[in-house]
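>>> Sharing a model prediction with you, sequence too.
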Amino acid sequence: MKRKNKITIYQVLPRLFGNRKKNPKPYGSLEVNGAGKFSDFTPETLEKINKSGFTHIWYTGIIEHATQTDYSSYGIHRDHKAIVKGKAGSPYAIKDYYDVDPDLADDIPNRMAEFEALIDRTHDAGMKVIIDFVPNHVSRQYHSDAKQPLVQDLGEQDDTTVAFDPMNNYYYLPGQSLVLHFGAKQEDFEYSEFPAKVTGNGCFSANPDRNDWYETVKLNYGIDYMNGGVCYFDPIPDTWHKMLDILLFWVGKGVDGFRCDMVELVPVEFWNWVIPKVKEEYTGLIFIAEAYIPENYKNYIRNGRFDYLYDKVGLYDTLRNVICGKAPAYTITRCWQATEGIQQNMLYFLENHDEQRIASDYFAGSAQAGYPGMIVTALMNTGPTMIYAGQELGERGMEEEGFSGCDGRTTIFDYWRIDTIQRWINDGKFDDKLLSDEEKTLQKSYMQLLNIARQEPVIANGSFFDLMYANNNNPHMNGHRQFAFLRKYEQDVILIAVNFDNTAQTIRIHIPEEAFNTLMIADNQPAILKDLFTGEECISTLTKACSYQVTIPAYSGKVLKFSYQFT
């Protein structure tokens, strides 16, 4: 079998990552609070990220989106404040699929060239580039200033007198004007939209609620929702062709993959059509689906042609409950069982821009408490692992930034900064002196773990064997707070045991005969044992006749590699 490298993804919002403003103000403007730039990802910064254990960077918020900042002097269409969430705006309210966010440029007219240079620097640092593809909805005032002259804009040829036409790009509410009972004014006039378009989350009302995605409109992929969801996919709807052109545009810039937003709101038939077409021209691309309905997972892998899916509803939710003491550790078993056959396609994470920070008061209140869950996330399977910038430093997300409020998340709507990242970079010095001892220790632990995940062939290629069923009645192991499993590849076996408890635990793990038979491990054969966290080596053995004893620190784990080819 050809060895592969496990994908390890660093998600970062550039607007926040490189921002050096020390004391941002809630609801502060770009001028007051500042913003990170493409140029903040210097070769040294990218080298640091790569050495931290990452193969890919997901640059979140690259494509131009609606904002309250006025760039009209640069030929960029101005957005009405009433339909922009926060001063900076949501990265998922796309206003021009063919342009990049001007906030991120040092020289705004040269912004696309600056992004292309970032792609080159990322590749030179040994990593690949992922960006968002937002297919379901766009900003209410979508207008491409950067498209080529022969490219038709979304909605440009729509028949706005009908609610639905398979060749329309939007859905309409004929004869009705959009009514927003909230939001700001801009230059003393209200936002006007007639006929009203259907709101991005599928709100077929001219009066969307504050909790709707009111700043966006839903794209039409040929499904007539107003008449029972009848599908019109032949001939191919116009929106499909436009989305294909947009994907090809970005891969032509050197992008290596896409994290596709809310894929279940777009018909699987579209993905089945578009992904092969893009990959025909550009091999090696990866498509990652944000998906939340487990019964749809296999359909989006097999028929949707996605390479990887979020495992939010399964592993993330379960690990969160285990970390917070709301569920026993052995419930992790149910997660991989629920995705049996597609585990290698599941992307595991404990933080992203949508979720609360582990260290926040709304989650665990402690970054270290989440570390055993991160060990499981990184090492349990061959699929990708992802972390969100600042997670490795224990970022808490407990600031009152503006639109997002204090909710345990790092804002995506406001001009802000990430405190721990700002102190880590320390104006490009990377000297760590502004980090606390706890932050330094956590960062080192994450770096060790992610490099094991990325570099260890057993993790990238190996088989998996869950040991919990054989330890249900084990008096020397607490299945509520400890979890253990094996990974095997060629002549190497890794035993992984994690401890979700706040005190160190000495446990004895029973390894059943079935594990030896299934993984083809020689019983009681001496091996060179290496603790992959400490580097310590000795001669040891695994046997079904005697439980294997390990002492696991509080909120941590053991990763023990048995190498048989050297004995």
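That came through fine. Keep in mind that this is a model prediction, so the values were computed, not measured.
>>> check contacts around Ala522.
By C-beta atoms under 8 Å, 6 or more residues apart in numbering, the contact set of Ala522 is 516, 564. Bear in mind the C-beta positions are built from the backbone N, C-alpha and C, glycine included.
>>> 7 Å - rerun?
By C-beta atoms under 7 Å, 6 or more residues apart in numbering, the residues touching Ala522 are Tyr564.
>>> Then Asp311?
By C-beta under 7 Å, 6+ apart, the neighbours of Asp311 are 339, 346-348.
>>> Mind doing that once more with 6 Å?
By C-beta atoms under 6 Å, 6 or more residues apart in numbering, Asp311 lies in contact with 346, 348.
>>> Over to Thr541?
Shown in contact with Thr541 (C-beta under 6 Å, 6+ apart): 524, 526.
>>> one more time with 10 Å, if that's ok
Residues near Thr541 by C-beta atoms under 10 Å, 6 or more residues apart in numbering: 522-527, 529, 548, 562, 564, 567.
>>> Tell me, what's the model's pLDDT at the nearest residue to Gly284 once chain neighbours are set aside?
Nearest residue to Gly284 in three dimensions, chain neighbours excluded: Asp256, at 7.0 Å (C-beta to C-beta, 6 or more residues apart in numbering). Looking at Asp256, its pLDDT is 98.
>>> Help me confirm that Asp256 comes into contact with Tyr59.
No: applying C-beta atoms under 10 Å as the test, Asp256 and Tyr59 come out as separate, 11.0 Å apart.
>>> what sits in contact with each of these two?
Taking C-beta under 10 Å, 6+ apart as the contact rule, Asp256 and Tyr59 both touch 119, 122, 129-131.
>>> Count the residues that sit near Ala498.
Not Ala; residue 498 is Val. Neighbours of Val498 under the rule other C-beta atoms under 10 Å: 27.
>>> how many other residues sit next to the closest residue to Gln368 other than its chain neighbours?
Leaving aside its sequence neighbours, Gln368 sits nearest to Tyr555 (C-beta to C-beta, 6+ apart; 4.7 Å). By other C-beta under 10 Å, 22 other residues sit near Tyr555.
>>> Likewise for the one 3 residues further on?
Number of residues near Lys558 (other C-beta under 10 Å) recorded here: 21.
>>> what does Gly228 give?
Neighbours of Gly228 (other C-beta under 10 Å): 7.
>>> tell me the contacts of Gly394?
Applying C-beta under 10 Å, 6+ apart, the residues near Gly394 are 357-359, 366-368, 370-371, 420, 435-436, 438-439, 441-443, 446.
>>> Could you check how far the closest residue to it other than its chain neighbours is from Ser360?
Taking C-beta to C-beta, 6+ apart as the measure, Gly394 lies nearest to Ala367, with 3.2 Å between them; neighbours along the chain are not counted. Distance from Ala367 to Ser360, counting by C-beta to C-beta, to the nearest Å: 10 Å.
>>> Okay, now the unreliable bits of the protein?
For the chain, applying pLDDT under 70 flags the ranges 1-3, 182-188, 566-567.
>>> Could you point out the helix or strand that follows the longest helix belonging to it?
What stands out as the longest helix in the chain, according to DSSP state H, is helix 437-455. Sequence-wise, the next helix or strand downstream of helix 437-455 (DSSP states H and E) is helix 457-461.
>>> Please name every helix or strand in contact with that following helix.
Counting contacts by 3 or more C-beta pairs under 10 Å, 6 or more residues apart in numbering; DSSP states H and E, helix 457-461 is packed against helix 371-379, helix 437-455, strand 482-489, strand 492-499, strand 556-563.
>>> outside of it, which residues touch it?
With contact meaning C-beta under 10 Å, 6+ apart, helix 457-461 is reached by 1-8, 378-382, 385, 452-454, 486-494, 496, 532, 559, 561-563.
>>> and after that helix, which helix or strand comes next?
That would be, after helix 457-461 and using DSSP H and E, strand 463-466.
>>> Would you mind listing the outside residues contacting that next one?
Looking at strand 463-466 with C-beta under 10 Å, 6+ apart, the contacting residues turn out to be 330, 332-333, 336-337, 343-344, 379-382, 483-489, 493, 496, 511-512, 514-516, 518-521.
>>> List the contacts of the residue nearest to the spatial centre of the chain.
Nearest residue to the geometric centre of the chain (C-alpha atoms, centre = their mean): Asn352, 5.3 Å. Contacts for Asn352 were tallied using C-beta under 10 Å, 6+ apart; they are 9, 11, 58, 60, 259, 290, 310, 312, 316, 386-388, 391, 409-410.
>>> With respect to Ile539, which of those is nearest?
The nearest member of these to Ile539, counting by C-beta to C-beta, is Ile387 at 34.8 Å.
>>> okay, now the closest one: neighbour count?
Neighbour count for Ile387, taken as other C-beta under 10 Å: 25.
>>> Need the three-state assignment for it.
With DSSP: H, G, I helix; E, B strand; the rest coil as the basis, Ile387 sits in strand.
>>> Start the count at 21 instead of 1 going forward.
Let's use 21 as the start, then, which means that last one is Ile407.
>>> most neighbours, which of the contacts of Asn372?
Tallying neighbours with other C-beta under 10 Å puts Thr430 at the head of the contacts of Asn372, with 30 neighbours.
>>> sec struct for it, please.
Taking three-state DSSP as the rule, one finds Thr430 in the coil state.
>>> which residues touch it?
Applying C-beta under 10 Å, 6+ apart to Thr430 gives the contacts 33, 36, 371-373, 376-377, 380, 408-411, 415-419, 421, 424, 436-439, 441.
>>> quick revisit: PyMOL command for the buried members of the contacts of Thr561?
Here is the PyMOL command that selects the buried residues among these (16 or more other C-beta atoms under 10 Å):
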select buried, resi 547+549+568+582+584
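>>> just checking, Glu289 touches Cys251?
Yes: between Glu289 and Cys251 there is a contact under C-beta under 10 Å: 7.5 Å.
>>> list residues touching both of the two?
Shared contacts of Glu289 and Cys251 (C-beta under 10 Å, 6+ apart): 241-243.
>>> thinking again about what came up before, ok, of the contacts of Gly414, which come out buried?
Those of these that meet the buried threshold are 377-379, 386-388, 390-391, 440, 455, 459, 462-463, 466, by 16+ other C-beta under 10 Å.
>>> my guess is the residue nearest to Gly414 meets Leu413, correct?
Yes: the pair Ala387 / Leu413 is scored as a contact, 7.8 Å apart, by C-beta under 10 Å.
>>> tell me, what's touching those two both at once?
Common neighbours of Ala387 and Leu413, counting by C-beta under 10 Å, 6+ apart, are 379, 440, 458-459, 462, 466.
>>> which one of the residues you listed sits closest to Asp60?
Using C-beta to C-beta, those come closest to Asp60 at Thr440, 15.4 Å.
>>> Does that closest one lie in a helix or a strand, and which?
With DSSP H and E as the test, Thr440 turns up in helix 439-445.
>>> I'd like to know which elements that helix is packed against.
Using 3+ C-beta pairs under 10 Å, 6+ apart: helix 439-445 touches helix 34-37, helix 63-71, helix 457-475.
>>> and of these, who's closest to Met187?
helix 34-37 (35.9 Å).
>>> Helices of this protein, residue ranges please.
Here the chain has its helices, by DSSP H, at 34-37, 50-53, 63-71, 131-144, 258-271, 288-301, 317-322, 337-343, 352-358, 391-399, 439-445, 457-475, 477-481, 533-539.
>>> Let me have the ones you listed in CSV, extended by distance to Ile559.
What follows is the helices of the chain, written out as CSV (distance: least, C-beta to C-beta, whole Å):
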stretch, distance to Ile559
helix 34-37, 46
helix 50-53, 58
helix 63-71, 32
helix 131-144, 43
helix 258-271, 50
helix 288-301, 48
helix 317-322, 42
helix 337-343, 34
helix 352-358, 31
helix 391-399, 24
helix 439-445, 40
helix 457-475, 21
helix 477-481, 19
helix 533-539, 19
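>>> now the end-to-end length of stretch 533-548.
21 Å (C-alpha to C-alpha, to the nearest Å).
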